[in-house]
Structure formats: C-alpha cells, structure tokens
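[1] fold the following for me, if possible:
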Amino acid sequence: MPKQSNNLAAAMAIVLNLRYLLLLLLTLSPTFFLHPQNLANADDALIEQQCRQTDSPETCLQCIKSDPEAAKKADKPETIATMLVACLSDDAEILKGNMSTLASSVSEDKNFKSTCEDCSKCYHQAKTKLTSAMDELKKGDYDEANHIVVSALINSRMVSCGLKIQSYKSKVPDDVLNKMRIYAQLSGVAMNIIDRLSHEKEPLIDIPLKQADCVEKHHRNIGLSIMNVDAIAMDYASEF
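    Okay, the predicted model is just below:
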C-alpha cells in the first residue's frame, strides 16, 4: 500500500510539473505554439473584415491580394488603407497612359481628343495627390489623408472626365472602361476605410452643437460631405 501511494504521488507530481512547464511556456512566449500560417489567417480575417464593410468588397479584396507579399503585412486597418491608395495610384498611372494613347490615336474628332487629354491630366494630378496621401497615412494623419484622397478622386474635373468618357463609350476600349470602373469603386472603398480611421482616432466625447455645425459647414465648403463620399464614388462607378 505505501508503495502504491508513493507511485500515485510521483505520477501526480509529474502531471503538475508538466502543467507548470506548459503554463510557463505560454506565459513567456504567447506565439510559441502558433504556426505562421495561423498568423497569416488572422491577417486574412482582418482584410476580409475591412473589405466587407465597404460597398465593393470584391474589388477591395482583389486589390489587397494582388500583392501577396504586402498582404502578409496587412495586420492593421491603416496598412490596408495604404495598400488601397497604392492600388489607386497604380491605376491612375495606367489610366493616364490609356488616355494619352487614345488622344494620340484620334485625328478627326477634336472634342474626343480634348476629353482624353484632359482626363490624362486628371489622372496624372490624382497620382501625385495619392502619393501624398500615402505619406500622410504612414504618419498617422488620417484627417489629412482623407482630405487629400477626396480632393484627388472626387473633384469636378475628375467627375467631368468620367461623364464625358461615358458619352464617348463606343470609342473607348472595354479594358479601359473596366479599369475606370474599378478605379471609381476603389475610390469609394479607400475613402470609406480612411474615413473610419479618421473617426476612430477622434476622442470619444460629445461634440458641441455649435462645433458640429462648423464641421458640417467645412464639409460643404469643400463641396462634399465626408459621410457621403463613398456613395458618390459608387454612383460614379455605376456609370461604367
């Protein structure tokens, strides 16, 4: 009997020691037992969550997944926002070239030629501003990034460009029209996510009515309500 008691005590001691060792490992290294693939899945979940909260989730996901290496580092909403703006910047460069090529190929229709030239300039200016917006995102100035993105993507010249190209739809290659549609959708997606970042950074306090009125007046002064910019972009995209 004493021998059995000793064996039982020894077995319990081993179990307790193993539990202590496991607890120690988990405490000292929270990621000790996490496979890198599990971490990647966690990032995928964040990307999925952010994109699903926009009006064009598939376009959002397509942009993020187009660069697998960068997607692995998309572990924060601001990183995802920066990647979306980078996609827009790349698309602006492509569309600038497309419009320039179209303008060069036109000889008889001077109005169409002029429209393509104007659009090429619009996309060039948008790319410059989008580069600045990425810099602001990296610095954490989401308000300024939001303002720059809005001014780059939803301005009178850019909207006019889209409407005029729509009227010349039969003369524009399908791949260019499709790229413009994706660009407009991504515009709404990027503004939506950056706008959320901007609001999440604000202190959780009630804004006095007078101050709220000033904010709304500021939005009207730049010709847009930040609350509706993504809806405007989606209406613009639906034209293509």
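[2] output stretch 149-166 as CSV - backbone C-alpha positions only.
    Extracted C-alpha coordinates of stretch 149-166, given in CSV (Å, rounded to 0.1, in the frame of the first residue of the first chain):
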residue,chain,number,x,y,z
VAL,A,149,-7.9,61.4,-51.2
VAL,A,150,-11.2,63.2,-51.5
SER,A,151,-9.7,66.1,-53.4
ALA,A,152,-7.8,63.7,-55.7
LEU,A,153,-10.7,61.4,-56.6
ILE,A,154,-13.9,63.3,-56.3
ASN,A,155,-13.4,66.7,-57.8
SER,A,156,-15.2,68.5,-60.6
ARG,A,157,-12.6,67.8,-63.3
MET,A,158,-12.4,64.0,-62.5
VAL,A,159,-16.2,63.7,-62.4
SER,A,160,-16.4,65.6,-65.7
CYS,A,161,-13.8,63.3,-67.2
GLY,A,162,-15.9,60.3,-66.3
LEU,A,163,-19.1,61.7,-67.7
LYS,A,164,-17.5,62.8,-70.9
ILE,A,165,-15.8,59.4,-71.5
GLN,A,166,-19.2,57.8,-70.9
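[3] low-scoring stretches of this protein, by residue?
    Within the chain, the stretches with pLDDT under 70 are 1-42, 201-240.
[4] quick one: list the elements packing against the helix or strand hosting Lys127.
    Taking DSSP states H and E as the criterion, Lys127 maps to helix 110-139. Helices and strands touching helix 110-139, by 3 or more CB pairs under 8 Å, 6 or more residues apart in numbering; DSSP states H and E, are helix 77-105, helix 142-153, helix 156-167. (Glycine included, C-beta is placed from N, CA and C.)
[5] buried set for the first one?
    What that stands for is helix 77-105. Using 16 or more other CB atoms under 10 Å as the test for burial, helix 77-105 gives 77-92, 95-96, 98-100, 102-103.
[6] by contact count, what packs against it?
    Contacts defined by 3+ CB pairs under 8 Å, 6+ apart place helix 77-105 against helix 36-52, helix 57-65, helix 110-139, helix 142-153, helix 174-201.
[7] all good on my end, thank you.
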